[in-house]
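Chemist: output the structure for:
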Amino acid sequence: MAALRLLGPAVGWRLASVLARPIHPNEQLQRGYRLTPSDDELYQRTTIQRLERESQDIMFLEGYTSRGFTISGNIIVGPCAVLPRAILQWNVGTYKDITVESLALFRLLEPRIEILVLGTGTRVERLDPAVLKIMRQCGIAVEVQDTPNACATFNFLTSERRVTAAGLIPPPTVREQMDAAVG
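Modeler: Model prediction:
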């Protein structure tokens, strides 16, 4: 339930930012970023899917594939946000989708996390410096790594009882990488 309560302020914050600006009758509503052409939050309901019951134990990343992760015995499909006591789906497709908005959840957690480990797929990718600066201003250190190393780093930090969260993107298979390079 704590993870669901955490999302309340995030949804309220987004709604407040949309409602704070007066809308003129001839003006179209727009979103700051778009993941897919059909994904439009302004006209769809926000939904939350809890992937795992709250756990008193620490989260442990047991494995990963190109389709997802195995975390503390739970199979998670696609990108995910691993919080100290919950696992949530994370609505990003690639490292290019990691923005201030997509990291808002990690800034709103209580107790505040110390370190956010981001796994960007097969390679370490460069994120927008402005995004990293905002996270630092919030008192959160960000470690950007390829996903295999991010999983190991997350496990190491949580085993030391550090307040850590992770945003993980599954690495593509070798075949998917070759298809992308050719196509």
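Chemist: need the strands for the chain, in chain order.
Modeler: Ranges of strands in the chain, per DSSP state E, are 61-64, 68-71, 74-77, 80-82, 87-89, 115-119, 141-145, 164-168.
Chemist: next, format the ones you listed as JSON lines and append mean pLDDT and distance to residue 103.
Modeler: C-beta: built from backbone N, CA, C; applies to glycine. Shown next, in JSON lines, are the strands of the chain (pLDDT from 0 to 100; distance: least, CB to CB, whole Å):
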{"stretch": "strand 61-64", "mean pLDDT": "92", "distance to residue 103": "19"}
{"stretch": "strand 68-71", "mean pLDDT": "93", "distance to residue 103": "19"}
{"stretch": "strand 74-77", "mean pLDDT": "91", "distance to residue 103": "19"}
{"stretch": "strand 80-82", "mean pLDDT": "95", "distance to residue 103": "9"}
{"stretch": "strand 87-89", "mean pLDDT": "92", "distance to residue 103": "13"}
{"stretch": "strand 115-119", "mean pLDDT": "97", "distance to residue 103": "7"}
{"stretch": "strand 141-145", "mean pLDDT": "96", "distance to residue 103": "8"}
{"stretch": "strand 164-168", "mean pLDDT": "96", "distance to residue 103": "7"}
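Chemist: nearest to residue 130, of those?
Modeler: strand 141-145 (12.3 Å; CB to CB).
Chemist: show me what that closest one is in contact with.
Modeler: By CB atoms under 8 Å, 6 or more residues apart in numbering, the surrounding residues in contact with strand 141-145 are 114-120, 124-127, 132, 135-136, 150, 153.
Chemist: that one pairs with which strands, and in what direction?
Modeler: The strands beside strand 141-145 in its sheet (DSSP bridges) come out as strand 115-119 (parallel).
Chemist: and residue 111, what's its pLDDT?
Modeler: At residue 111, the model reports a pLDDT of 85.
Chemist: okay, the closest residue to it other than its chain neighbours: pLDDT?
Modeler: Sequence neighbours aside, residue 163 is the residue nearest to residue 111 in space, at 6.2 Å (criterion: CB to CB, 6 or more residues apart in numbering). On pLDDT, residue 163 comes in at 92.
Chemist: now swap in residue 18 and tell me
Modeler: According to the model, residue 18 scores 41 on pLDDT.
Chemist: just residue 85 next, same as before
Modeler: Looking at residue 85, its pLDDT is 84.
Chemist: look up how far residue 58 lies from it.
Modeler: Residue 85 sits 9 Å away from residue 58, going by CB to CB, to the nearest Å.
Chemist: okay, residue 82 and residue 88: tell me how far apart.
Modeler: With CB to CB as the criterion, residue 82 and residue 88 are 8 Å apart.
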